[in-house]
Structure formats: structure tokens, C-alpha cells
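# Following is a predicted model, sequence given first.
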Amino acid sequence: MPEGHKTHYLAREHTAWFAGQSVRVLSPQGRFQSDARKVSGKVFDRCEAVGKHLFYCFDGGRIVHVHLGRYGKYRDLESPPPRPVGAVRMRLIGRQRTMDLTGPSTCRVIDSVERDRVVSLLGPDPLAGGKKSHVWRAVQVSSKPIGALILDQRVVAGVGNIFRAELFFEIGMDPNRRGCDLAKSEFDLLWKHLVKMMKVGLKYGKIVTVTAKEAKSRLVDLEGNDRFRVYSKDDCPSCGHAIEVLNLASRKLYWCPACQSV
């Protein structure tokens with residue numbers, strides 16, 4: 001599932017491709033057909049990201065709400081486009097580009113009231129100016145593990161499983177600690193590193209948590225697990241201890257108990 005850096009990256013990209021254009025919106029698969037008619041031919045204004053949600057804003061107040069979920073993917077094509085490949089839920093056709101969307105968990109036309117309702121259920125988004133104080137307010141009163149809280153979209157929006165593992169390793173924190181047991185200074189450090197990591201992810205359009213010195217390569221060239229320190233790794237890059245896997249908030253969390261003792 002794409003994490004918050006990716007939705008913000010896509011929002012910037014899609015705004016640059018289609019803003020100010022009268023965009024044709026189709027549903028080759030058919031499941032989005034009736035909603036597609038509501039926005040097809042209207043002028044596309046912008047795409048916004050909040051957490052893992054994308055909002056495509058059209059003239060007249062109509063908004064296409066997309067959540068990619070586990071299987072949602074975009075395919076970038078030239079215009080005029082070729083025949084659709086696979087079950088294309090939504091196709092956007094602009095002057096020079098076409099974008100196909102397959103497999104999203106959500107793809108629907110909504111209005112601004114429903115958009116605000118969706119956003120109201122989310123915690124602050126670090127990449128959208130979300131307030132650290134609001135996250136701290138939720139963390140300091142919770143007895144849940146901080147490793148579970150940081151993944152809860154109602155607490156902080158956009159953080160996924162990879163960022164979670166890499167964040168707690170970078171700051172050396174035990175993800176099992178209760179939120180209410182964290183000192184404010186510890187939370188401030190966590191937030192600082194989370195924002196930094198997500199901004200790097202936004203810059204490259206992919207999660208990169210190692211440094212160029214660690215990777216012995218340009219960060220832009222890194223792919224796969226070479227981009228990470230502990231996620232899906234066998235051994236700790238710092239101490240050589242075997243990486244262990246926790247089941248926390250129903251997701252696997254990779255961590256090094258030897259290094260993450262704070």
C-alpha cells in the first residue's frame with residue numbers, strides 16, 4: 001500500500017499533467033462509469049493528497065476520491081491512448097497524457113462536504129502541515145504501543161509499515177513502549193525524524209532511509225530493499241544482531257532489540 005510520501009508525489013505529478021484542462025474521464029472496466037460521467041469534460045483544477053487519500057478536484061465542485069489500498073496502481077500513457085490493459089477502473093485523458101487507474105479500494109465522485117468528512121477522520125498529515133501538537137495529544141494519553149499508534153491513520157495520516165520500521169530503528173526506540181510513557185522530548189525526536197523521512201520519500205517518489213554513504217550509491221538509483229536499513233532485512237546494519245519481527249497492529253514490524261532499547 002503506498003504511504004503518504006507517494007500520494008503527495010502523485011498529487012503533484014497529476015496536477016502538473018492535467019491542471020487547467022478539460023479532461024475526459026472514462027471507466028473502461030465499467031464499475032466507475034456512472035460517476036465518470038459526472039466529471040468527464042469538466043476542467044480539472046488540482047489533485048490534493050491527505051494521508052493515503054487522493055482528491056481530484058474538478059470545476060463545479062465535483063471531486064474524485066481515490067484510495068489505492070493494497071492493489072491500486074496508476075499507469076502513465078500518451079494521448080491519444082492505446083486500448084486499456086487490464087481492469088481499468090478510471091481513465092483520465094488530457095491533451096498530452098492519459099492516466100489509467102486499476103485496483104483501487106476506493107474510486108468515487110464526492111462533494112466538498114464528504115471530502116471534509118473523510119479528512120476529519122484522519123490524524124495530522126506530516127507532509128500537509130499537520131500539527132505535531134495534535135499527534136502528541138493523542139499519544140500522551142494512550143496506553144497502546146507507540147509502534148501501533150504511529151500506524152493508526154486516526155492518529156497520524158500517511159505513515160505505513162515501512163516508514164514505521166525505519167523510523168523506530170533510526171531513533172533507537174523500542175516500538176513496544178506505551179505512548180503515555182514517552183517524554184515530550186522523545187516524541188519531538190520521533191516527529192522530527194518522521195517528517196525528514198517522509199520529505200526524502202516525497203523528493204524521490206519512493207522510500208529511501210539509508211544515506212548515500214551507507215548505500216555507496218546515489219539515492220535516486222536505489223531500488224528494492226537496498227533503500228532500507230531494517231525493513232525486510234535479516235541482520236542489523238549497526239550491530240549484526242538478527243532482525244526480529246513483531247506482530248504489532250496486525251502488521252509485521254521489523255526491528256533490532258539490541259539497538260532499539262530506548
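Happy to help now that I have it.

# May I have stretch 105-115 exported as CSV, CA atoms only?
Extracted in CSV, the C-alpha atoms of stretch 105-115 (Å, rounded to 0.1, in the frame of the first residue of the first chain):
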residue,chain,number,x,y,z
SER,A,105,-10.1,0.2,-2.9
THR,A,106,-12.0,3.5,-3.4
CYS,A,107,-12.8,5.4,-6.5
ARG,A,108,-15.9,7.6,-6.3
VAL,A,109,-17.2,11.1,-7.0
ILE,A,110,-18.0,13.1,-3.9
ASP,A,111,-18.6,16.7,-2.9
SER,A,112,-16.6,19.0,-0.6
VAL,A,113,-18.8,18.1,2.4
GLU,A,114,-17.9,14.4,2.0
ARG,A,115,-14.3,15.3,1.4
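
# Give me the buried positions along it.
107, 109-110, 115 (16 or more other C-beta atoms under 10 Å). The way it works is simple: take the backbone N, C-alpha and C, and place the C-beta from them, glycine included.

# Just the residues contacting that stretch, thanks.
If you take C-beta atoms under 8 Å, 6 or more residues apart in numbering as the criterion, stretch 105-115 is touched by 31-32, 35, 38-39, 53, 55, 61-72, 89-90, 101, 118.

# Please repeat the previous calculation with a cut-off of 6 Å.
32, 35, 38, 55, 61-67, 69, 89-90 (C-beta atoms under 6 Å, 6 or more residues apart in numbering).

# follow-up on the earlier one: from the buried residues of stretch 105-115, which land in helices?
In this view, the buried residues of stretch 105-115 that belong to helices under DSSP state H are R115.

# Quick check: the farthest pair among the buried residues of stretch 105-115?
C107 and R115 (14.2 Å; C-beta to C-beta).

# Check the offset of stretch 152-166 from the chain's centre.
The chain centroid and the centroid of stretch 152-166 are separated by 8 Å, computed with C-alpha atoms, centre = their mean, to the nearest Å.

# that older thread, select from the buried residues of stretch 105-115 every entry located in strands.
107, 109-110 (DSSP state E).

# can I get these in JSON lines with pLDDT and distance to L222?
Putting these into JSON lines (pLDDT from 0 to 100; distance: C-beta to C-beta, whole Å) gives the following:
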{"residue": "C107", "pLDDT": "98", "distance to L222": "31"}
{"residue": "V109", "pLDDT": "98", "distance to L222": "38"}
{"residue": "I110", "pLDDT": "98", "distance to L222": "37"}
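
# got those residues as a markdown table, with distance to P145 columns?
Formatted as a markdown table, those follow (distance: C-beta to C-beta, whole Å):
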| residue | distance to P145 |
| --- | --- |
| C107 | 33 |
| V109 | 38 |
| I110 | 34 |
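
# coming back round to it: between the buried residues of stretch 105-115, which is nearest L189?
Nearest to L189 among the buried residues of stretch 105-115, with distances taken as C-beta to C-beta, is R115, at 33.3 Å.
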